[in-house]
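Student: Sequence plus predicted model, see below.
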Amino acid sequence: MRKNIIYIKNNILALIICILWWFPVTYFGYWTAPVGTDYFRAIKIPFIGLLFIFIIIKKVNSVNWRVLLFLLIAFIASLDSSDMEYSVVKFLILAVTLSVFSPLVSSMNARIIRASIWQNLCWSAVFVALLSIIWWLANLPVPILYAKEGFPGITSHAMLLGPVAGIGSIFLLSKAFSENKYWLTTLAILCYIVSFASASRAAIAGTTIGFCLILMVGLNRGKILSLVRLIFPLISIFVFLILVFPEEKLFFDFLKVDDLRNKGFSHSRKQLWEERMTEFREKPIVGVGIGMSFGYENALSKGFGEKFTGTVEPGSAYLVVLSMTGLLGAISFIILIGYEMLSLRKYWEFIEFKRKHEIIGIGSLLFVHAIAEGWIFSPGNVLCLFFWLWLGIVRDSSDVVRLNMNHLKTLKIRL
């Protein structure tokens, strides 16, 4: 009990973040969906602002000009949008979020806060995935309002549960490898099954690639025995499922095999991608502005008017960057990601082993999933938080190695 109290005390800010972002999209908070997320946003944004103040109270090592450039272009795009007021508000919410989660600010406080939030967000993804299995076994109700194809678990939508369960799965697998806790592979596989049951093809592909990359990194270190220990829980779970669910149909119903078979190789995002490209052609230099799209215009035409505060499905994070911020925004985004990847490669050998797994596994999932889902400019979406926080963790990992190397050089000079 005492350990739990100490943990809560040390991670109170991160736990508040988890509650604010997870509650509205679970079964326990889905009743907020019909009225939008205004009530939660009213708490989220000021809280992130307080976090930013806490980060800059102490010494700031540096400010990332690449993030600033990206935000500047996004701001110009919003000023030039067809609905400047709406777009600028959306931009400001995004900018406040990036001030804490992205690598905008490098400092000791920033690294501590981001590491704490990252750890707790990943554990909360595990919790959501495993609780979804218990929810299904207990035959408890799901948010009917959003239950369509796939298994939504305790979340508002199967397309959200898929990548979330995938993140939880990869996080557990990385801990199993790095901390030699191979019993965690059982939970990792269960989370993977939940991701599969969501029937999200992008999530399944991203999770599978993340799994494979982590196994490759582990095997490169000569951990052949580790692979055997990973396979054993897989076989155990398979046998368990066969025994508990002797009727094959029940197990396959949970996996939503029919939903995946019906989807097949159909291009369900084709129209959304065409819309993003049309928007890009209309304003190819700076884009249509943050939050602006045909989906937003359709919402207005249906009577939402100025009260519209929800989100629309843009279809691809990459095309969102291109359509909303134009060529300038896309180039600055590539520069931002590319620089962090080059820096990561430079210091890769000295980065903590567990962190390597999390970076390569969860990063690959997010980049693959971003092909089919456009959450990158949606701060209310937990996947948006995961992406920008992942980028912040990448920056922090490189900074820690660089600072340690500089410190050692200083000590050698003094000696």
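Tutor: On my side now, so go ahead.
Student: My guess is T185 contacts A176. True?
Tutor: Yes: using Cβ atoms under 8 Å, T185 is in contact with A176, at 4.8 Å. Every residue, glycine included, has its C-beta placed from N, CA and C.
Student: Look at L98 and report its pLDDT.
Tutor: Listed pLDDT for L98 reads 93.
Student: list the helices and strands the host helix or strand of it packs on?
Tutor: Secondary structure from DSSP states H and E places L98 in helix 84-101. Using 3 or more Cβ pairs under 8 Å, 6 or more residues apart in numbering; DSSP states H and E, the elements in contact with helix 84-101 are helix 38-57, helix 65-79, helix 108-137, helix 382-414.
Student: got the angle between the last one and helix 65-79?
Tutor: Which is helix 382-414. Here helix 382-414 runs at an angle of 150 degrees relative to helix 65-79 (axes from the mean of the first three to the mean of the last three Cα atoms, to 10 degrees).
Student: what distance separates helix 382-414 from the middle of the whole chain?
Tutor: 20 Å (Cα atoms, centre = their mean, to the nearest Å).
Student: same deal with the second one?
Tutor: For helix 65-79, the gap between its own C-alpha mean and the chain's C-alpha mean amounts to 22 Å (Cα atoms, centre = their mean).
Student: before we move on, the earlier item: next SSE downstream of the helix holding L98?
Tutor: Next element after helix 84-101 (DSSP H and E): strand 105-106.
Student: Please point out which parts of stretch 48-55 sit buried.
Tutor: Buried residues in stretch 48-55, counted by 16 or more other Cβ atoms under 10 Å: I48, L51, F52, I55.
Student: which of those sit farthest apart?
Tutor: The most widely separated members of these, counting by Cβ to Cβ, are I48 and I55 (10.3 Å).
Student: joint contacts of the two?
Tutor: V100 (Cβ atoms under 8 Å, 6 or more residues apart in numbering).
Student: L319: how many residues sit nearby?
Tutor: Neighbourhood size, L319 [other Cβ atoms under 10 Å]: 24.
Student: what about it, which helix or strand?
Tutor: Per DSSP H and E: helix 317-347 holds L319.
Student: related to what we said a few turns ago, quick check: buried residues in the helix holding L98?
Tutor: Going by 16+ other Cβ under 10 Å, helix 84-101 has these buried residues: 86-88, 90-91, 93-101.
Student: Contacts for it next, please.
Tutor: Contact partners of helix 84-101, identified using Cβ under 8 Å, 6+ apart, comprise 41, 45, 48-49, 51-52, 55, 67, 71, 74-75, 77-79, 81, 104-105, 110, 113-114, 117, 289-292, 296, 308, 377, 379, 384-385, 388-389, 392.
Student: Report the buried members of those.
Tutor: Buried subset of the contacts of helix 84-101 (neighbour count, 16+ other Cβ under 10 Å): 41, 45, 48, 51-52, 55, 67, 71, 74-75, 77-78, 81, 104-105, 110, 113-114, 117, 289-292, 296, 308, 377, 379, 384-385, 388-389, 392.
Student: Give me the angle between the helix holding L98 and helix 65-79.
Tutor: Using the same axes, to 10 degrees: helix 84-101 against helix 65-79 is 160 degrees.
Student: For helix 84-101, C-alpha coordinates in CSV please.
Tutor: Extracted in CSV, the C-alpha atoms of helix 84-101 (Å, rounded to 0.1, in the frame of the first residue of the first chain):
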residue,chain,number,x,y,z
MET,A,84,-9.7,31.7,-39.4
GLU,A,85,-11.3,31.9,-36.0
TYR,A,86,-12.0,28.1,-35.8
SER,A,87,-8.7,27.1,-37.4
VAL,A,88,-6.6,29.4,-35.1
VAL,A,89,-8.4,27.9,-32.0
LYS,A,90,-7.6,24.4,-33.2
PHE,A,91,-3.9,25.5,-33.8
LEU,A,92,-3.6,27.0,-30.3
ILE,A,93,-4.9,23.8,-28.7
LEU,A,94,-2.4,21.8,-30.8
ALA,A,95,0.5,24.2,-30.0
VAL,A,96,-0.2,24.0,-26.2
THR,A,97,-0.2,20.2,-26.5
LEU,A,98,3.1,20.1,-28.4
SER,A,99,4.7,22.5,-25.9
VAL,A,100,4.8,19.6,-23.4
PHE,A,101,4.7,16.4,-25.4
